[in-house]
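**Student:** Here is the input, now give the coordinates:
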Amino acid sequence: MNKREIGLMGGTFDPIHLGHLLAAEQAREQAGLDEVWFLPSRVPPHKQGEEITPAVHRLRMTELATADHPAFHVCSVELERSGPSYTVDTLHVLLQRYPDVRFSFIIGGDMVNMLPKWHRFDELVRMVHFIGLERPGTAADRQKFWPYVTFVEMPQWDVSSTLIRRKVRAGLSIRYLVPDAVERYIKENGLYGD
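**Tutor:** Have a look, this model is predicted:
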């Protein structure tokens with residue numbers, strides 16, 4: 001029996017935006033994934049000490065953003081435990097829960113060069129394959145990473161959660177940067193204001 005091919009997309013999603021969704025769709029289509037699971041992280045290791053919106057809001061926005069795509073799902077596994085959200089720990093849990101699945105982890109092309117510095121990297125590459133989203137003008141060393149990274153093309157679109165939070169704080173429009181349901185949720189819950 002063939003295993004289901006699931007792409008994992010981790011992130012703070014503070015808030016999730018159309019760039020995240022575009023990246024997930026490009027990875028799903030180009031890498032032949034059955035589904036993409038979004039993993040909101042509790043405490044990203046590289047953001048410890050930073051102020052992050054409570055997990056309940058980030059989880060709900062991710063659910064709203066992915067609701068209309070039949071191959072997109074939200075997995076709250078990283079929110080079920082305390083402490084930093086290390087990918088290797090997440091994979092241990094997921095592989096135990098879903099033995100019938102082959103997981104790939106979707107990352108930005110800029111993160112590919114950082115992979116060897118990830119927590120327990122040697123263990124991680126035995127558990128999961130990586131899908132690197134390569135944007136025009138940015139290139140990872142393909143020769144160096146080919147054994148454990150498949151590269152897919154990602155259209156250039158410079159949108160970030162930081163930009164969106166800044167716009168909300170300034171009272172500017174975030175229309176067409178986030179799904180409509182996420183924009184409504186941000187307004188209704190007074191997120192990212194002063």
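
**Student:** now residue 178: how far from residue 25?
**Tutor:** Here the criterion is C-beta to C-beta, to the nearest Å. By it, residue 178 lies 15 Å from residue 25. (C-beta placed from N, C-alpha, C; glycine too.)

**Student:** what about the two, which has more around it?
**Tutor:** residue 178 (27 against 15; other C-beta atoms under 10 Å).

**Student:** Pull up the gap between the closest residue to that one other than its chain neighbours and residue 131, please.
**Tutor:** Leaving aside its sequence neighbours, residue 178 sits nearest to residue 17 (C-beta to C-beta, 6 or more residues apart in numbering; 4.9 Å). From residue 17 across to residue 131, the span is 19 Å (C-beta to C-beta).

**Student:** and residue 102, which of the three is it?
**Tutor:** The three-state label given to residue 102 by DSSP: H, G, I helix; E, B strand; the rest coil is strand.

**Student:** what do you get for the one 3 residues further on?
**Tutor:** Look at residue 105: counting by three-state DSSP, its state is strand.

**Student:** how many other residues sit next to residue 24?
**Tutor:** Number of residues near residue 24 (other C-beta under 10 Å) recorded here: 26.

**Student:** ok, it touching residue 10?
**Tutor:** No - between residue 24 and residue 10 there is no contact under C-beta atoms under 8 Å: 11.2 Å.

**Student:** Could you look up the next helix or strand downstream of the lowest-mean-pLDDT helix or strand in the chain?
**Tutor:** For the chain, using mean pLDDT, DSSP states H and E, the weakest element among its helices and strands is helix 142-145, scoring a mean of 71. The helix or strand immediately downstream of helix 142-145 is strand 149-153, counting by DSSP states H and E.

**Student:** Strand partners (parallel or antiparallel) of that following strand?
**Tutor:** strand 129-134 (parallel) (DSSP bridges).

**Student:** Next, the contact list for residue 174, please.
**Tutor:** With contact set as C-beta atoms under 8 Å, 6 or more residues apart in numbering, residue 174 has these partners: 164, 167, 168, 183, 186.

**Student:** just residue 106 next, same as before
**Tutor:** Counting by C-beta under 8 Å, 6+ apart, residue 106 touches 7, 8, 9, 23, 24, 27, 36, 130, 131, 133.

**Student:** and which of these is nearest residue 159?
**Tutor:** Residue 159 lies nearest to residue 23 out of those, by C-beta to C-beta, at 10.5 Å.

**Student:** Based on its surroundings, how many neighbours for that closest one?
**Tutor:** Neighbour tally, residue 23, other C-beta under 10 Å: 23.

**Student:** Poorly predicted segments of the chain, please.
**Tutor:** Residues of the chain meeting the criterion pLDDT under 70: 1, 44-49, 136-143, 194.
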